[in-house]
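Participant: here is a sequence with its predicted model. Questions after.
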Amino acid sequence: YWPEGHEKSGLFKGMATILTERGFDVTKLKAQCKNFECVAGATDCCCHRILYCQPDFTNVKSFLETTCKARGFHVIFLPKFHCELNFIEQCWGFAKQIYRTYPMSTKDSDLEINVVNALDSVPIASMRRFAIRSWHFMDAYHKGLNGSQAAWAAKKYCGHRVLPDSILTELDAAHI
């Protein structure tokens, strides 16, 4: 933002101005590549990419991280995977199932209370079970299984910590 005392005080400087202040020549650059799809490995194809690659921009904590840290919580960002690999998605699905049993309402306060109650009602035992299920899928994919094979193996070996090394032979025998 422009500093106090400047004629544009309080307004956003813009990418080109910030990059020029940092010594970049942006006169021939576009603001961004089409659909934000920069060429793989490019670091200076557009203003957006140059800023994105600057260390002080990449190392800034998000609002969520700073807010949670101030309240004593740790934020863990998990990669975007299918819900079977992220047990929090399974917990969320369980909470949504409970939420649907609550009476309908149009009041924001009721909706918020219902969401909090639904999330609070997910038992810790279920959370652990979802985490173990996710671990089974990760182990299956690590062993080279595809989606349907991983689902079969996770169901068959639900009481085991990891899948046996003979899993591929068993899959062949089961014609899966």
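Facilitator: Everything's here; your move. Residues are numbered from 1 along each chain as shown.
Participant: would you confirm that residue 93 contacts residue 84?
Facilitator: No: Residue 93 lies out of contact with residue 84 (Cβ atoms under 8 Å); the separation is 11.0 Å. Heads up, the C-betas are built off the backbone N, CA and C, glycines and all.
Participant: looking at those two, which has the bigger crowd around it?
Facilitator: residue 84 (20 against 12; other Cβ atoms under 10 Å).
Participant: so who does that one touch?
Facilitator: If you count contacts by Cβ atoms under 8 Å, 6 or more residues apart in numbering, residue 84 has them with 90, 133-134, 137, 150-151, 154.
Participant: if you set the cut-off to 6 Å instead, what comes out?
Facilitator: Counting by Cβ atoms under 6 Å, 6 or more residues apart in numbering, residue 84 touches residue 137.
Participant: then the one 10 residues further on?
Facilitator: For residue 94, the contacting residues are 122, 126, taking Cβ under 6 Å, 6+ apart as the criterion.
Participant: any idea how far it is from residue 129?
Facilitator: From residue 94 across to residue 129, the span is 10 Å (Cβ to Cβ, to the nearest Å).
Participant: contacts for stretch 113-123, please.
Facilitator: By Cβ under 6 Å, 6+ apart, the list of residues contacting stretch 113-123 from outside reads 91, 94-95, 98-99, 102.
Participant: residue ranges with poor pLDDT in this structure?
Facilitator: 78-81, 159-162 (pLDDT under 70).
Participant: show me where it has its helices.
Facilitator: Using DSSP state H, the helices of the chain run over residues 15-21, 47-53, 55-58, 63-70, 87-99, 108-120, 124-142, 147-156, 167-173.
Participant: may I see those helices organised as a markdown table, with distance to residue 28 added?
Facilitator: Output for these, formatted as a markdown table (distance: least, Cβ to Cβ, whole Å):
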| stretch | distance to residue 28 |
| --- | --- |
| helix 15-21 | 11 |
| helix 47-53 | 11 |
| helix 55-58 | 22 |
| helix 63-70 | 34 |
| helix 87-99 | 44 |
| helix 108-120 | 49 |
| helix 124-142 | 45 |
| helix 147-156 | 46 |
| helix 167-173 | 55 |
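Participant: nearest to residue 6, out of those helices?
Facilitator: helix 15-21 (11.3 Å; Cβ to Cβ).
Participant: would you put the C-alpha positions of the closest one in PDB?
Facilitator: The C-alpha trace of helix 15-21 is given here as PDB (Å, rounded to 0.1, in the frame of the first residue of the first chain):
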ATOM      1  CA  MET A  15       2.400  -5.400  -8.800                       C
ATOM      2  CA  ALA A  16       4.300  -3.300 -11.400                       C
ATOM      3  CA  THR A  17       5.100  -0.600  -8.800                       C
ATOM      4  CA  ILE A  18       6.300  -3.100  -6.200                       C
ATOM      5  CA  LEU A  19       8.500  -4.900  -8.700                       C
ATOM      6  CA  THR A  20       9.900  -1.600 -10.100                       C
ATOM      7  CA  GLU A  21      10.800  -0.600  -6.500                       C
END
